[in-house]
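Novice: sequence? don't have it. structure:
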């Protein structure tokens, strides 16, 4: 197994999300790998946790990356968060972005969880779980 494609995959996912006009219309430039200091926008997208498993075979090294992209919103109701989550899915599902090392075989949606967080439940959070199969070139 090689974890060497984790950073290139993350960079590619970030680039895909940052470059999408439909998602930008919903969250502007509020797509983060690491949250900035200071006040956050009402609705934003954040790259999250990742687990990786070996998927090497006789042909070469490979890995299965399971990663989370979260949509967090303080807007009333879940509508804004769900629209942004749908846009994230539209960008990532079946994408095969170029990587600086290796290649993406595919990205697939696995599941999502929508919930309220914060002390008074005023924050809406949708965690979208994806899996990506990568091969080392």
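Specialist: Noted; the coordinates are in hand. The structure displayed is predicted, hence computed values, not measured ones.
Novice: use CA for all of it now, contacts and neighbours both
Specialist: Will do.
Novice: and after the helix or strand encompassing residue 110, which helix or strand comes next?
Specialist: Following DSSP states H and E, one finds residue 110 within strand 103-117. Moving toward the C-terminus from strand 103-117, the next helix or strand (DSSP H and E) is strand 123-135.
Novice: Also compute the angle for that next one relative to strand 103-117, please.
Specialist: Strand 123-135 runs at 160 degrees relative to strand 103-117, counting by axes from the mean of the first three to the mean of the last three Cα atoms, to 10 degrees.
Novice: which helices and strands sit right next to strand 123-135?
Specialist: Counting contacts by 3 or more Cα pairs under 8 Å, 6 or more residues apart in numbering; DSSP states H and E, strand 123-135 packs against strand 62-73, helix 79-92, strand 103-117.
Novice: ok, now with 7 Å
Specialist: Secondary-structure packing of strand 123-135 (3 or more Cα pairs under 7 Å, 6 or more residues apart in numbering; DSSP states H and E): strand 62-73, strand 103-117.
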